[in-house]
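*Asks:* just the structure for this:
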Amino acid sequence: MRKVLETNLCKINYSESLEDLAEATVQLLDKKIIEYRLFFESPISEQIVVNYFDTVEEFREFIYEIRGERNSLPEYARGTYDNRMVNACVNPKFQLKRLYTASHELFHILYMKYILNNDYSKRIVWYDEGMAQFLSGEKDSLTDDAFKEFYLKVREEAKVIPQMNSLEHGNSFVNEDYNGYDLSYLSIKYLSEVLSTEQFKDLMSDFKKISQFGDDIIQKMFSYYDEKLENTILKK
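*Replies:* Coordinates of the predicted model:
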């Protein structure tokens, strides 16, 4: 059974089993929309629509109906921003662990509208995915020892260093040699630490500079955090 939870800011269409997630999403978006207004310097007055599904089959059918084809959705996909809506498949048993899916996909929607001007060809996937993770709040718990553990795990599991600018969703983004989401997040976090606040914000519309960073950002990011974490250990 499908239900609806609606406010002036957002409309949540959801499977009945995901009511806790729907209610928590309203509270999260109330906060995140204010943050995104400041970041994008836009009123963001439109109502945000979120569609939650509790089965993969329903989710994929919904997305394929929107797209008019049945081949483009990666097997691992559990969230999209088709038609400027947040769309996600969520396991009811762990629904609150997927809370930040809404703010993650919302970043994509706003970036596409206000920065890319709905021109998908301008999108640099690693940057967009890294920023969505960085600003959505989903990785905010990665501080101090938790961040170190996460970083070392990503570094160890990256058997191959990909050329970030060439990454597209699918097998080239997540595979047995590396996880493009994790590398993208670490790349953005690295940029947030080495650039000034103004430079970091201006970067989102400087596609040439994003590409220049992408050429060797993984190597520079690994070197930066290797040294930073080593210095942190020595100080203890």
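
*Asks:* what is the helix or strand hosting F39 packed up against?
*Replies:* When elements are assigned from DSSP states H and E, F39 belongs to helix 19-40. Contacts defined by 3 or more CB pairs under 8 Å, 6 or more residues apart in numbering; DSSP states H and E place helix 19-40 against strand 2-6, strand 10-15, strand 48-53, helix 101-114, helix 125-136. To be clear about C-beta, it is placed using only N, CA and C from the backbone, and glycine gets the same treatment.

*Asks:* so how far is K93 from the residue nearest the centre of the chain?
*Replies:* Residue closest to the average C-alpha location in the chain (CA atoms, centre = their mean): A132, at 3.2 Å. A132 sits 25 Å away from K93 when distances are taken as CB to CB, to the nearest Å.

*Asks:* run through the residues that contact I188.
*Replies:* I188 makes contact with Y127, G130, M131, Q133, F134 under the criterion CB atoms under 8 Å, 6 or more residues apart in numbering.

*Asks:* so who does the spatially closest residue to the fourth one that is not a sequence neighbour touch?
*Replies:* Of all residues not flanking Q133 in the chain, Y185 sits nearest, at 4.3 Å (CB to CB, 6 or more residues apart in numbering). Taking CB under 8 Å, 6+ apart as the definition of contact, the neighbours of Y185 are E129, G130, Q133, F134, K139.

*Asks:* for the nearest residue to L142 once chain neighbours are set aside, helix, strand, or coil?
*Replies:* Counting by CB to CB, 6+ apart, L142 lies nearest to F150, which is 5.2 Å off, once chain neighbours are set aside. Secondary structure, DSSP: H, G, I helix; E, B strand; the rest coil: F150 is helix.

*Asks:* neighbours around F150, how many?
*Replies:* Neighbourhood size, F150 [other CB atoms under 10 Å]: 16.

*Asks:* show me what the lengthiest helix in the chain is packed up against.
*Replies:* Counting residues, the longest helix found in the chain (DSSP state H) is helix 207-235. Judged by 3+ CB pairs under 8 Å, 6+ apart, helix 207-235 is in contact with helix 125-136, helix 144-157, helix 180-194, helix 197-203.

*Asks:* again, only this time at 6 Å
*Replies:* Applying 3 or more CB pairs under 6 Å, 6 or more residues apart in numbering; DSSP states H and E, one finds that helix 207-235 contacts helix 180-194.

*Asks:* what about the helix it packs on, average pLDDT?
*Replies:* Average pLDDT, helix 180-194: 97.

*Asks:* can you give me the buried ones in that helix?
*Replies:* 180-192 (16 or more other CB atoms under 10 Å).

*Asks:* so it versus helix 144-157, what angle?
*Replies:* 130 degrees (axes from the mean of the first three to the mean of the last three CA atoms, to 10 degrees).

*Asks:* could you export helix 180-194 as CSV, CA atoms only?
*Replies:* Extracted as CSV, the C-alpha positions of helix 180-194 are listed here (Å, rounded to 0.1, in the frame of the first residue of the first chain):
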residue,chain,number,x,y,z
GLY,A,180,34.1,4.9,-7.2
TYR,A,181,31.8,6.3,-4.5
ASP,A,182,34.4,6.1,-1.8
LEU,A,183,37.1,7.5,-3.9
SER,A,184,34.9,10.3,-5.0
TYR,A,185,34.0,11.2,-1.5
LEU,A,186,37.6,11.2,-0.3
SER,A,187,38.6,13.3,-3.3
ILE,A,188,36.0,16.0,-2.4
LYS,A,189,36.9,15.9,1.3
TYR,A,190,40.5,16.4,0.3
LEU,A,191,39.6,19.4,-1.8
SER,A,192,37.6,20.9,1.0
GLU,A,193,40.7,20.8,3.2
VAL,A,194,43.3,22.1,0.7
